[in-house]
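**Student:** Provided below for reference: sequence and predicted model.
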Amino acid sequence: MVSNDQRRRQLAREKFLRQQQRRESARRRARTRNTVIASALAVVVVAGAGAFAAGAFDGKDKKDSAASKPSASPSKAADPCKKPAAGKVKPLSWKKEPALTVDKAADYTMNLATTCGDIGIDLKTKEAPYTVNSFNFLAGKGFFDHTKCHRLTTNGIYVLQCGDPKGTGAGGPGYTIPDENLKDKSLKGNVYPAGTIAMANTGQKHTGGSQFFLVYQDSQLPPSYTPFGTISDSGMKVLKKIAAAGESTGQGDGAPNATVVIDKATVKKS
């Protein structure tokens, strides 16, 4: 015969166990959700060769992905940039990487004349000759002219991604280039420091194409993305202006609210 007091204690124990089970279940769901979010952010740098998946840098920027869906009422800042220059993106593609013609002992600079202002870059020719050579080739062909910078991330990592002639995250030059300079002295503790320009890729080795990302705030990423230049102080001011305008989804990863178009890209030997 169970007394009323014993029965109450039994019911209390059962209630406690049910609460613990619910809490543990909630913790498991939270861990799974956080793992998915972290994984999505980690790939933010994979680009163009056809797999912009991370929602970050990996090839296909899927328009129907959760990161790309606008929130019910995303806050949208005023566009700080000018209208793009007249002209259209050239439909250019090549089967092979261009022959190495840059002088590895010389200094090269790149200028991105954008609708938001000029972004000057000192290129690391000695450390990343094939990457610099590819940009010298593509810029000379007008490949980047009139292309949109299609992705801005403002949560977890802090980059503006550009270099896709399609403006979707899935475009490229038709060829790939090797990874370079992954042990650059600037990459400490798996952090790409503010002021870095680096290559996007598909998440696989040696799959860089034409897409690149500009780091406007220190960003923790694995050293898998070729760092090939340093952004000027004036260029950083332009980037921060773009970042301050936010991105379209309201969730930290989407198209920039600012109309960021590269009117003209040039590479020069100093």
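**Tutor:** Everything's here; your move.

**Student:** Quick check: bridge partners of residue 266?
**Tutor:** residue 111 (DSSP bridges).

**Student:** where exactly do the helices run in this structure?
**Tutor:** Applying DSSP state H to the chain gives helices spanning 4-42, 129-140, 233-244.

**Student:** Tell me how far the closest residue to residue 150 other than its chain neighbours lies from residue 195.
**Tutor:** Computed as Cβ to Cβ, 6 or more residues apart in numbering, the closest residue to residue 150 that is not its neighbour in sequence is residue 167, at 4.9 Å. Just so you know, the C-beta spots here come from the backbone N, C-alpha and C atoms, and that holds for glycine as well. Here residue 167 is placed at a distance of 25 Å from residue 195 (Cβ to Cβ, to the nearest Å).

**Student:** Which one's more surrounded, these two?
**Tutor:** More crowded of residue 167 and residue 195, by other Cβ atoms under 10 Å: residue 195, with 21 against 18.

**Student:** which phi and psi does the more buried one have?
**Tutor:** phi 100, psi 0 (degrees, to the nearest 10).

**Student:** what's the distance between residue 195 and residue 226?
**Tutor:** 16 Å.

**Student:** I meant residue 139, not that one.
**Tutor:** 17 Å.

**Student:** So these two - more neighbours on which side?
**Tutor:** Using other Cβ under 10 Å as the criterion, residue 139 and residue 226 rank with residue 226 on top: 26 against 20.

**Student:** Which residue lies closest in space to that one, excluding its sequence neighbours?
**Tutor:** Nearest residue to residue 226 in three dimensions, chain neighbours excluded: residue 199, at 4.2 Å (Cβ to Cβ, 6+ apart).

**Student:** Look up which residues are beta-bridged to the one you found.
**Tutor:** residue 212.

**Student:** if I pick it, what's in contact with it?
**Tutor:** 47, 131, 177, 179, 208, 211-212, 225-226, 228 (Cβ atoms under 8 Å, 6 or more residues apart in numbering).

**Student:** If we only consider those residues, which is nearest to residue 236?
**Tutor:** Nearest to residue 236 out of these is residue 212 (Cβ to Cβ; 15.7 Å).

**Student:** Tell me how many other residues surround that closest one.
**Tutor:** 30.

**Student:** Just confirm it contacts residue 160, I think it does.
**Tutor:** No - counting by Cβ atoms under 8 Å, residue 212 stays clear of residue 160, with 9.5 Å between them.

**Student:** tell me the contacts of the closest residue to residue 257 other than its chain neighbours?
**Tutor:** Spatial nearest neighbour of residue 257, chain neighbours left out: residue 245 (4.4 Å); criterion: Cβ to Cβ, 6+ apart. If you count contacts by Cβ under 8 Å, 6+ apart, residue 245 has them with 77-80, 256-258.

**Student:** Take those residues and write them to a markdown table, including distance to residue 236.
**Tutor:** As requested, the contacts of residue 245 are exported to a markdown table (distance: Cβ to Cβ, whole Å):
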| residue | distance to residue 236 |
| --- | --- |
| 77 | 19 |
| 78 | 21 |
| 79 | 20 |
| 80 | 15 |
| 256 | 16 |
| 257 | 19 |
| 258 | 15 |
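
**Student:** got any ranges where the stretch 151-270 of the chain has weak pLDDT?
**Tutor:** Within the stretch 151-270 of the chain, no range satisfies pLDDT under 70.

**Student:** From residue 188, how far out is the residue nearest to residue 150?
**Tutor:** Applying Cβ to Cβ to residue 167 and residue 188 gives a distance of 33 Å.

**Student:** Same question for residue 87.
**Tutor:** 41 Å.
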